[in-house]
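Undergrad: Sequence isn't available, so here's the structure alone:
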């Protein structure tokens with residue numbers, strides 16, 4: 001979805017450098033590239049999904065529907081879609097060459113946060129291509145939680161409630 005925005009942007013950066021800037025949430029470069037990319041950097045996705053192209057619009061709308069369904073089932077979770085997380089996991093061959101073959105995740109990526117300060121306590125995603133490069137063409141998904149951060153978070157919450 002971001003491939004088209006990165007390739008068609010008109011800024012001082014080449015698309016690979018722009019993808020790196022999006023990952024780092026650099027608003028200045030995103031602003032130069034266009035309003036849809038700036039919205040991805042600031043809010044995780046553009047206000048108008050059509051800015052991503054017809055195919056990506058449909059995919060994003062399905063993802064929003066899934067998020068909304070999950071939010072209904074798990075009302076205490078704050079579920080967000082953040083396309084900037086995918087800026088390094090591009091599909092277009094020109095962009096992949098510019099960025100290098102360093103993409104780890106190639107599908108949905110998620111992060112887990114805890115507390116009012118939104119402390120990162122875990123994350124994961126799909127990484128099918130990684131196993132393919134290792135000779136095992138299989139679907140893969142993984143996640144991890146930072147137990148030390150979870151324990152520290154719980155200790156702070158218990159201390160605050162006394």
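TA: Received, thanks. No experiment lies behind these values; they were computed from the predicted model shown. Residues are numbered from 1 along each chain as shown.
Undergrad: Quick one: the helices in this protein, in order.
TA: Residue ranges of the helices in the chain, as given by DSSP state H, are 2-8, 15-23, 27-33, 35-43, 54-73, 93-99, 128-133, 147-161.
Undergrad: And those helices: which comes nearest residue 115?
TA: Proximity to residue 115 (CB to CB) singles out helix 147-161 among the helices of the chain, at 5.6 Å. Yep, even glycine has a C-beta here, placed from its N, CA and C like the rest.
Undergrad: just how off-centre is that closest one within its chain?
TA: Relative to its chain's centre, helix 147-161 lies at 27 Å (CA atoms, centre = their mean, to the nearest Å).
Undergrad: returning to that earlier point: and residue 106, which of the helices of the chain is closest to it?
TA: In terms of CB to CB, the element of the helices of the chain nearest to residue 106 is helix 128-133, at 4.7 Å.
Undergrad: can I get the helices of the chain in TSV with distance to residue 121 and mean neighbour count?
TA: Shown next, in TSV, are those (distance: least, CB to CB, whole Å; neighbours: other CB atoms under 10 Å):
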stretch	distance to residue 121	mean neighbour count
helix 2-8	26	20
helix 15-23	21	21
helix 27-33	26	18
helix 35-43	22	20
helix 54-73	18	12
helix 93-99	28	15
helix 128-133	23	14
helix 147-161	5	11
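Undergrad: could the ones you listed be laid out in a markdown table, adding distance to residue 79 and mean pLDDT?
TA: What follows is the helices of the chain, written out as a markdown table (distance: least, CB to CB, whole Å; pLDDT from 0 to 100):
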| stretch | distance to residue 79 | mean pLDDT |
| --- | --- | --- |
| helix 2-8 | 20 | 72 |
| helix 15-23 | 21 | 79 |
| helix 27-33 | 23 | 83 |
| helix 35-43 | 14 | 87 |
| helix 54-73 | 5 | 88 |
| helix 93-99 | 28 | 63 |
| helix 128-133 | 23 | 76 |
| helix 147-161 | 19 | 84 |
